[in-house]
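Q: based on what follows, work out the 3D shape:
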Amino acid sequence: MSRSRAPLAIGLAAAGGVGYYLYSAGGSPRVAEKQFESDAHHVAAKIKGDTPHRSTDAEHQGRKVGQEVGSKVDHAVETVNRDISKAKGETEAYAKATKADTLKKIDEFDRKVEEGASKSKSYLSSWFGSK
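A: Residues are numbered from 1 along each chain as shown. This is a model prediction of the structure:
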């Protein structure tokens, strides 16, 4: 089975970081720790210093874009709903017309069948002498 190499890479990076701080501190663990804390504080302050200005501007732009997209989506939903209700009305009208036409054709067919049946009944009755 293959094993992940991530733990090895993380361990080597951590050992390299510890080695760098120990070497730059002249081998003193306390000085290396203080130097690491100082670097960590410096990086955190830089990140915090950059973030508020960008996030406020980005937040404002994001809200503006969100409102524009939201209004476009609402308009599209309204248009789709209007088209669906229009299509539904047209479909119902077509279904009613088709039903009426079908019932008319069925009645016409029934009438023809009944006429044919009465003619054949009278024809057969004439053969056997019924009145």
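
Q: for the rest of this, base every contact and every neighbour count on C-alpha atoms.
A: Noted.

Q: show the average pLDDT along the lengthiest helix in the chain.
A: In the chain, taking DSSP state H as the definition, the longest helix is helix 29-128. In this model, helix 29-128 has a mean pLDDT of 85.

Q: so the residue nearest to the spatial centre of the chain versus residue 62, what's the distance?
A: In the chain, the centroid-proximal residue (CA atoms, centre = their mean) is residue 73; its distance is 12.9 Å. Residue 73 sits 16 Å away from residue 62, going by CA to CA, to the nearest Å.

Q: how close does the residue nearest to the centre of the chain sit to residue 79?
A: 10 Å.

Q: starting at the chain centroid, how far to stretch 28-35?
A: Distance of stretch 28-35 from the chain centroid (CA atoms, centre = their mean, to the nearest Å) equals 53 Å.

Q: buried residues in that stretch?
A: Buried residues in stretch 28-35, counting neighbours by 16 or more other CA atoms under 10 Å, are found at 32, 35.
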